[in-house]
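>>> One predicted model, sequence on top.
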There are 2 protein chains.
Amino acid sequence: MITRDEVRSWDAADPLAGFRDRFALPEGVIYLDGNSLGALPLQTAARLKTVVEQEWGEGLIRSWNDRDWVSAPRRVGAKIARLIGADEDEVVVADSTSVCLFKLLMAAGSAREGAILAESDNFPTDAHVAGRAAELLGRAYRPTPRERAVDALTGDIAAAVLTHVDYRTARRHDMAALNAKGVPIVWDLSHSVGAVPLNLGRDGAQLAVGCGYKFLNGGPGAPAFLYVARDLQAQLASPIAGWWGHKAPFAFSCDFEPAPGIDRFLSGTPAMLGLLALESGVDLMLESDAEARWDKSIRLHDLFAARIAALCPELERVTPDDPDARGSHIAFRHTNALAIVRALIERGVIGDFRTPDIARFGLTPLTLLYGNVWNATEVIAETIASGAWRDPRFLSGGVVT
Amino acid sequence: MITRDEVRSWDAADPLAGFRDRFALPEGVIYLDGNSLGALPLQTAARLKTVVEQEWGEGLIRSWNDRDWVSAPRRVGAKIARLIGADEDEVVVADSTSVCLFKLLMAAGSAREGAILAESDNFPTDAHVAGRAAELLGRAYRPTPRERAVDALTGDIAAAVLTHVDYRTARRHDMAALNAKGVPIVWDLSHSVGAVPLNLGRDGAQLAVGCGYKFLNGGPGAPAFLYVARDLQAQLASPIAGWWGHKAPFAFSCDFEPAPGIDRFLSGTPAMLGLLALESGVDLMLESDAEARWDKSIRLHDLFAARIAALCPELERVTPDDPDARGSHIAFRHTNALAIVRALIERGVIGDFRTPDIARFGLTPLTLLYGNVWNATEVIAETIASGAWRDPRFLSGGVVT
């Protein structure tokens, strides 16, 4: 068995340990939900103060030029490109993940005959967007269980949306193998970006979207990003042809001529507060070493898994053993997962519940110590052993996360 | 002629004069661009500090419930409803204006046979969105000059997008008369909301969208809002069926069942920083009297118009004389409008240029004194009389606003 002292020594030797002090983390809380809403980087609070008081308050409309707000969607996209193994002109920040997904799925679906495929057990928004996109395109909608996706990527599919890391089980698709099937796939990277190694270029990805408010620490409702491989950009048309997607937005022509590159997927005026908060979170992540992040993620997971297996085996782990086959969070199945998660939140261990029976814990290497995992698993074990979660106030009501 | 003393007495008697101190307005600037980016309300800087440091930083994921982030799209929508003469369950805040417009135009266009009509000389995004929506729906696209819109609203139109107040000339459509033609119209209220009297219910409006970052002072890229008359809501389907539009988003079902009411037009996770900044701006506006705002807007315009007519008649005013036929900004035509606007910005009088030859000045009653208009028109007259705008650095390059 791993001992407390060993865990202490891991923290002492952790090359990422210094990053924890760069975040605002409340006292008395072990935050294991950075995969739902990432923590606040201290520099983001300072950056937003400047954005609000100086750039908006003093600069006013002039800041679109003087503070270069106008190029922020591209600039932040280029930074995210470095995290996902894309080129800087292949990524742009825009809208929400759902809207970005709609844009790419409609664009890809319009370009080729066939059905629209989505995972039937995915995060719901992906299925909702895909089903409605199929209707609008007049195509068949083919919801498919995740484990059968690989066989379902046949020549009669126009476009598919697949989530790289599953939001419940953390199972990770083999991106290169699935791309090799030759069907245009829109990869949803929401539980991947900032969490697992990504190399979209090497793995032959054509299209992707991802979330800004989880592992990228962009703040609540941060804008999303979208990726289109360079060679495809000129062939695809956004369904939402707004003025920011025009090749010359400030010529104010009513004749739509799409921007030649990735900008064509922009629509309305970018959400500047959210976008600049996201930039600050991405900047912080780019200071850290990607390999060190992933190495620590694996060890956080495996420590968590070993402790739970030893202390409360009634929690059935659903995340894969093989690091190459999973994301960075850990999840367990329990009939009363909801009540357990609510009891844990009251005890300062914040994870989340995912229906029907999953307790999920985000393991974010920049904000967590190995000692946090040690302590959190102890609280989990005590909460289960004592039956504290059986309190009626934990057994009713919902959790919104 | 109006004298400086008279103008001083107007400011002394202005019931809205106190609101100016509620905004951060930089020294040495007369800001006449609140119709492009509204000024920063002081309370918004304070609110955002709380949102960032306490709600995000300390509350983390819990703030979705504990700080009621989850109901913000509806709550802020209900507040905006009071500004536009709608009921509180008819408005929701979401996405950008372009995306909101796309949603409503696709929804209305799907529900009825016929062409899609847009103004061919409108703010470009409206035409772009409409043209592409027509393509996706397989309908004819009918771009129509603004002044012919009234005659073009015939039985073979499925849906139209009309901008209530024109972004260049400030000409205002007669909303009630156009709605009476029986064609579903998506009203673009971007230059109307917070600027002119609106009563969508009384005037029989079915659908509308509007901008949060202009007269509502919501901050750069603030989210937009959309309005759907209650009786229509159940009949219309959003083209972007995201999880926030589900009737039970946190049940995480992949079967899409739209929310019964206005929520069905939500898609992804709301942009919380922008949304809460917008709420703060709307709250401030709701403290002021709508009639007093409009009365002052009229007087600001007419003072501006009289001064320019007297001091530099070479500026040809394009805004209508009749207040009932216009918005709250003032605009002039001049072959060298771009150079003039750039020279004025350097002199601290911030307005904006709209192609091909319009100099446009926003007149926002909560942030402007009559004395500001007196001084701004003096600077304009001097800039033109002296020919200072002929400097080469004003004659080349673009203005982004």
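The structure has been received and is ready for your questions.
>>> In chain A, where's the longest strand?
strand A:157-163 (DSSP state E).
>>> That strand packs against which elements?
If contacts are counted by 3 or more C-beta pairs under 8 Å, 6 or more residues apart in numbering or on different chains; DSSP states H and E, strand A:157-163 sits against helix A:97-110, strand A:115-119, helix A:124-137, helix A:149-152, strand A:185-188. For the C-beta atoms, the positions are set from N, CA and C on the backbone; glycine is no exception.
>>> Among these, which comes closest to B:Asp126?
helix A:97-110 (18.1 Å; C-beta to C-beta).
>>> tell me the angle that closest one makes with helix B:97-110.
Angle of helix A:97-110 versus helix B:97-110, following axes from the mean of the first three to the mean of the last three C-alpha atoms, to 10 degrees, is 60 degrees.
>>> Helix A:97-110 close to chain B?
Yes - interface with chain B: helix A:97-110 contributes A:97-99, A:102, A:106 (C-beta under 8 Å from any C-beta of the partner chain).
>>> what comes up buried for the helix or strand following the longest strand of chain A?
Once the chain leaves strand A:157-163, the next helix or strand it forms, by DSSP states H and E, is helix A:175-179. Across helix A:175-179, burial judged by 16 or more other C-beta atoms under 10 Å in any protein chain shown covers A:175, A:178-179.
>>> Going by distance to B:Trp294, which of those wins?
Closest to B:Trp294, out of all of these and judged by C-beta to C-beta, is A:Met175, at 57.1 Å.
>>> follow-up on the earlier one: going by neighbour count, which of the residues of helix A:97-110 next to chain B comes out on top?
Highest neighbour count within these, by other C-beta atoms under 10 Å in any protein chain shown: A:Phe102, with 32 neighbours.
>>> That one reaches A:Gly131, doesn't it?
No - the criterion here is C-beta atoms under 8 Å, and A:Phe102 misses it with A:Gly131 at 11.3 Å.
>>> in its sheet, what does the longest strand of chain A sit against?
strand A:115-119 (parallel), strand A:185-188 (parallel) (DSSP bridges).
>>> how much space is there between the residue nearest the centre of chain A and A:His173?
Centrality entry for chain A: nearest residue to the mean C-alpha point is A:Ser190, 2.5 Å, by C-alpha atoms, centre = their mean. Per C-beta to C-beta, to the nearest Å, A:Ser190 is found 13 Å from A:His173.
>>> And A:Pro365, by the same measure?
Taking C-beta to C-beta, one finds A:Pro365 at 22 Å from A:His173.
>>> coming back round to it: could you check the angle helix A:124-137 makes with the longest strand of chain A?
160 degrees.
>>> Would you mind listing the buried residues in strand A:157-163?
Residues of strand A:157-163 classed as buried by neighbour count (16+ other C-beta under 10 Å): A:157-163.
>>> just stretch A:110-117 next, same as before
Across stretch A:110-117, burial judged by 16+ other C-beta under 10 Å covers A:110, A:114-117.
>>> Tell me the confidence at the residue in the stretch 251-400 of chain A that chain B sits nearest to?
Using C-beta to the nearest C-beta, the closest approach of the stretch 251-400 of chain A to chain B is made by A:Gly268 at 2.6 Å. pLDDT for A:Gly268: 97.
>>> In a strand, it, correct?
No - assignment of A:Gly268 by DSSP: H, G, I helix; E, B strand; the rest coil gives coil, placing it outside any strand.
>>> any idea how far it lies from A:Ser253?
Distance from A:Gly268 to A:Ser253, by C-beta to C-beta: 17 Å.
>>> who has more neighbours, those two?
A:Gly268 (26 against 16).
>>> just checking, that one touches B:Phe102?
No - look at A:Gly268 against B:Phe102 with C-beta under 8 Å: they stay out of range, at 9.3 Å.
>>> So for those two, which residues contact both of them?
A:Gly242 (C-beta atoms under 8 Å, 6 or more residues apart in numbering or on different chains).
>>> on that earlier part again, so what's the residue of the stretch 251-400 of chain A closest to chain B up against?
A:242-244, B:95-99, B:125, B:224.
>>> Leaving out chain neighbours, which residue sits closest to A:Pro15?
A:Ala292 (5.2 Å; C-beta to C-beta, 6 or more residues apart in numbering or on different chains).
>>> per the record, what domains does chain A have?
With domains defined by automatic domain parsing, chain A comprises A:4-31+A:289-395, A:45-287.
>>> which of the ones you listed sits most buried?
Greatest average neighbour count among the domains of chain A goes to domain A:45-287 (a mean of 22), per mean count of other C-beta atoms under 10 Å in any protein chain shown.
>>> now that one, how far from the centre of its chain.
Domain A:45-287 has its C-alpha centroid displaced from the chain centroid by 11 Å (C-alpha atoms, centre = their mean, to the nearest Å).
>>> Now do stretch A:356-363: everything it contacts.
With C-beta under 8 Å, 6+ apart, stretch A:356-363 has contacts from A:32-36, A:167-169, A:214, A:297, A:300-301, A:304, A:315, A:318, A:328-335, A:337, A:340-341, A:344, A:351-354, A:373, A:376.
>>> Any idea how far that stretch is from the middle of the chain?
For stretch A:356-363, the distance to the chain centre is 15 Å (C-alpha atoms, centre = their mean).
>>> where does the stretch 201-350 of chain A come near chain B, residue by residue?
A:213, A:219-224, A:237-246, A:249-254, A:256, A:267-275, A:277, A:345, A:350.
>>> And the pLDDT for the residue nearest to A:Pro15?
98.
>>> what helix or strand does it sit in?
helix A:290-311.
>>> what's the next secondary structure element after that helix?
Downstream of helix A:290-311 (by DSSP H and E), the next one is strand A:316-317.
>>> Give the partner strands of that next one in its sheet and their orientations.
strand A:330-333 (antiparallel).
>>> Convert the C-alpha atoms of the helix or strand just after the partner strand to PDB, please.
Using DSSP H and E, the next helix or strand after strand A:330-333 towards the C-terminus is helix A:337-346. Listed next in PDB are the C-alpha coordinates belonging to helix A:337-346 (Å, rounded to 0.1, in the frame of the first residue of the first chain):
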ATOM      1  CA  ALA A 337     -24.100   8.200  -6.400                       C
ATOM      2  CA  LEU A 338     -26.200  11.400  -6.200                       C
ATOM      3  CA  ALA A 339     -26.600  11.300  -2.400                       C
ATOM      4  CA  ILE A 340     -22.900  10.400  -1.900                       C
ATOM      5  CA  VAL A 341     -21.800  13.300  -4.100                       C
ATOM      6  CA  ARG A 342     -24.100  15.700  -2.200                       C
ATOM      7  CA  ALA A 343     -22.800  14.500   1.200                       C
ATOM      8  CA  LEU A 344     -19.200  14.900  -0.100                       C
ATOM      9  CA  ILE A 345     -19.900  18.500  -1.200                       C
ATOM     10  CA  GLU A 346     -21.100  19.300   2.300                       C
END
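>>> Helix A:337-346 packs against which elements?
Using 3+ C-beta pairs under 8 Å, 6+ apart as the contact test, the elements touching helix A:337-346 are strand A:352-354, strand A:358-361, helix A:370-386, helix A:392-395.
>>> Check which element follows it along the chain.
Past helix A:337-346, the next helix or strand by DSSP H and E is strand A:349-350.
>>> List the pairing partners of that next one within its sheet, with orientation.
Strand pairing for strand A:349-350, using DSSP bridges, gives strand A:30-31 (parallel).
>>> From A:Trp69, how far off is the closest residue to A:Asp66 other than its chain neighbours?
Distance criterion C-beta to C-beta, 6+ apart; nearest residue to A:Asp66, sequence neighbours excluded, is A:Gly59 at 5.8 Å. To A:Trp69, A:Gly59 is 9 Å away according to C-beta to C-beta.
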